[in-house]
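Trainee: Below are the sequence and a predicted model; questions follow.
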Amino acid sequence: MLYSMTGYGRAEQMIGDKTFLIEIKSLNGKQFDLRLTLPALLKPYEFDVRNLLNEGLERGSVECIITIKSNGASRPVTINTDLLKAYYTSVTAVAKELNADVDQLLAAILRLPEVVVNSTEMLHENDWNLFKGVLQTAIANLNAHREDEGKSLIADLLQKLANIELHQENIKALEPIRREKIKEGLLKVLHENVGKENYDANRFEQELIYYIEKIDISEEQVRLKNHCEYFRSILAEQAKSKGKKLSFILQEFGREINTTGSKANNADIQKHVVQMKDDLEKMKEQILNVL
């Protein structure tokens with residue numbers, strides 16, 4: 001199971017004489033970064049709303065907009081005159097610049113958010129508990145969207161992982177050929193510079209073994225194979241948040257692949273190393289969006 005950090009959730013419900021609408025959007029981010037827009041009625045509960053969103057979404061750059069529409073009888077109201085004046089000055093300037101009609105401007109501004117607010121209204125405890133249910137529904141809807149996105153991510157990651165494992169098998173098949181080419185190359189240098197009869201064959205074999213051990217890539221390939229298996233096992237876990245752990249594992253992928261390339265000394269193996277690096281970079285890009 002894998003969750004993307006990208007998602008959208010929405011919930012709407014009437015509580016008493018008000019309709020609460022909650023919209024939440026989430027994008028990838030290293031930590032939990034929240035932009036919250038609340039109506040005045042919910043300001044006393046802002047800390048609780050933030051906690052619920054943090055607990056439910058864990059990571060990501062999140063934008064939550066909560067709006068309320070009153071459906072009941074009229075109540076005492078207060079006009080936020082400072083805000084009204086600021087709106088009026090700005091909008092009038094734009095209207096004059098565009099030669100637009102300003103006759104109905106004041107009526108339009110009075111309908112803008114927070115200009116007219118209920119002066120004595122408070123959200124009762126029972127209504128707050130009902131609102132929490134609406135918020136949790138919106139969070140659940142967003143997480144369902146994240147899970148759907150995660151299914152696409154996991155399919156792509158597994159494909160890239162299979163590509164890397166295939167290149168590993170090809171490198172393994174090339175390893176005996178690589179060793180033979182190294183031996184032939186060293187012999188050619190000796191024959192050209194020393195002569196076939198002027199070197200100790202036993203000493204040459206000893207030096208050859210020492211040299212091949214220095215550029216041996218079997219340990220790197222074993223570790224990379226283990227990392228691939230570990231990566232696949234993490235993907236299969238039921239834990240919701242695993243993006244950071246997967247990112248750390250991919251860093252280990254990079255170390256083993258880079259070391260293999262630096263030791264390879266073989267053009268065919270280098271081609272596979274380049275392809276592995278390409279798949280690895282694509283996996284890293286995808287992991288940035290994993291919860």
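Mentor: Received it, and whenever you're ready, just let me know what you need. None of these values were measured; they are calculated from a predicted model.

Trainee: Going by C-alpha atoms from here, please, whenever you check contacts or count neighbours.
Mentor: Fine.

Trainee: longest single helix anywhere in this structure?
Mentor: Of all the segments of type helix in the chain, defined by DSSP state H, the longest one is helix 125-193.

Trainee: which residue packs closest to residue 286, ignoring adjacent ones?
Mentor: Computed as C-alpha to C-alpha, 6 or more residues apart in numbering, the closest residue to residue 286 that is not its neighbour in sequence is residue 153, at 6.9 Å.

Trainee: mind listing what the one you found touches?
Mentor: The contact partners of residue 153, by C-alpha atoms under 8 Å, 6 or more residues apart in numbering, come to 2, 4, 286.

Trainee: Quick check: mean pLDDT of stretch 223-241?
Mentor: Averaging pLDDT along stretch 223-241 gives 88.

Trainee: Just the buried residues of that stretch, please?
Mentor: By neighbour count, and taking 16 or more other C-alpha atoms under 10 Å as the criterion, the buried residues in stretch 223-241 are 223, 224, 225, 227, 228, 231, 232, 234, 235, 241.

Trainee: From those residues, pick the one nearest residue 55.
Mentor: Nearest to residue 55 among these, counting by C-alpha to C-alpha, is residue 241 at 11.9 Å.

Trainee: Can you classify that closest one by secondary structure?
Mentor: The assignment at residue 241 comes out as coil when based on DSSP: H, G, I helix; E, B strand; the rest coil.

Trainee: got a pLDDT number for the closest residue to it other than its chain neighbours?
Mentor: Nearest in space to residue 241, with sequence neighbours left out and distances taken as C-alpha to C-alpha, 6+ apart, is residue 291 at 5.1 Å. According to the predicted model, the pLDDT of residue 291 comes to 84.

Trainee: got any ranges where the chain has weak pLDDT?
Mentor: By pLDDT under 70, the low-scoring segments of the chain are 70-77, 102-103, 116-122, 179-215.

Trainee: ok, now with 80
Mentor: Applying pLDDT under 80 to the chain flags residues 1, 17, 70-84, 91, 94-123, 175-218, 263-266.

Trainee: Count the neighbours of residue 49 for me.
Mentor: 19 (other C-alpha atoms under 10 Å).

Trainee: Tally up the residues packed near residue 47, please.
Mentor: Burial measure for residue 47: 10 neighbouring residues, criterion other C-alpha under 10 Å.

Trainee: Could you do the one 5 residues further on as well?
Mentor: Taking other C-alpha under 10 Å as the criterion, the count of residues near residue 52 is 16.

Trainee: The host helix or strand of it: which residues count as buried?
Mentor: With the criterion set as DSSP states H and E, the secondary-structure element containing residue 52 is helix 46-57. Of all the residues in helix 46-57, those buried under the rule 16+ other C-alpha under 10 Å are 46, 49, 52, 53, 54, 57.

Trainee: Could you do stretch 259-275 as well?
Mentor: Buried, per 16+ other C-alpha under 10 Å, within stretch 259-275: 260, 261, 264, 266, 269, 270, 272, 273.

Trainee: of the residues you listed, closest to residue 126?
Mentor: For the buried residues of stretch 259-275, the residue nearest residue 126 by C-alpha to C-alpha is residue 273; the value is 62.1 Å.

Trainee: list the helices and strands the helix or strand containing that closest one packs on?
Mentor: Under the criterion DSSP H and E, the helix or strand holding residue 273 is helix 267-287. For helix 267-287, the elements it packs on are helix 125-193, helix 243-264, judged by 3 or more C-alpha pairs under 8 Å, 6 or more residues apart in numbering; DSSP states H and E.

Trainee: Arrange those helices in a markdown table, one row each, with distance to residue 110 as further columns.
Mentor: Rendered in a markdown table, the data for these read as follows (distance: least, C-alpha to C-alpha, whole Å):
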| stretch | distance to residue 110 |
| --- | --- |
| helix 125-193 | 26 |
| helix 243-264 | 46 |
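
Trainee: Residue 17: which of those is closest?
Mentor: Distance to residue 17, taken as C-alpha to C-alpha, is lowest for helix 125-193 among those, at 10.5 Å.

Trainee: Okay, angle between the closest one and helix 46-57 too, please.
Mentor: Using axes from the mean of the first three to the mean of the last three C-alpha atoms, to 10 degrees, the direction of helix 125-193 lies 40 degrees away from that of helix 46-57.
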